[in-house]
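K.L.:
have a look at this prediction, sequence included:
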Amino acid sequence: MLPDGRYRIRAVGPRIELEINGHSTVTVVDEDPAHAASEGCLALQLHEGAPMKAQFRNLRLVHLPAVPHWIWAGL
């Protein structure tokens, strides 16, 4: 069994940031606001393959406060 890891997803406005164990892995900016969803569901996915077991612990969903407009000025 693999040791516990920390996977963080931070989505603010059109920007989505992913981290694994404190290391940034990807940052995505949705540049198509006409087709972007402002709400939806959160799903945990396990892909097809060899038999495996996935466990989740201390799963938290945190609503962030409104972000000032100036943060997005550079996008």
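P.N.:
Nice, thanks for sending it over. None of the values given here were measured: they were computed from a predicted structure.
K.L.:
tell me the contacts of the residue nearest the centre of the chain?
P.N.:
By C-alpha atoms, centre = their mean, the mean C-alpha position of the chain lies nearest to Ile9, the distance being 2.6 Å. Residues near Ile9 by C-beta atoms under 8 Å, 6 or more residues apart in numbering: Ile16, Glu17, Leu18. To be clear about C-beta, it is placed using only N, CA and C from the backbone, and glycine gets the same treatment.
K.L.:
burial check on the second one, number of neighbours?
P.N.:
For Glu17, the neighbour count with other C-beta atoms under 10 Å is 15.
K.L.:
and the worst-scoring helix or strand of the chain on mean pLDDT, which strands flank it?
P.N.:
The least trusted helix or strand in the chain, going by mean pLDDT, DSSP states H and E, turns out to be strand 7-12, with a mean of 86. Partner strands and pairing direction for strand 7-12 (DSSP bridges) are strand 15-20 (antiparallel).
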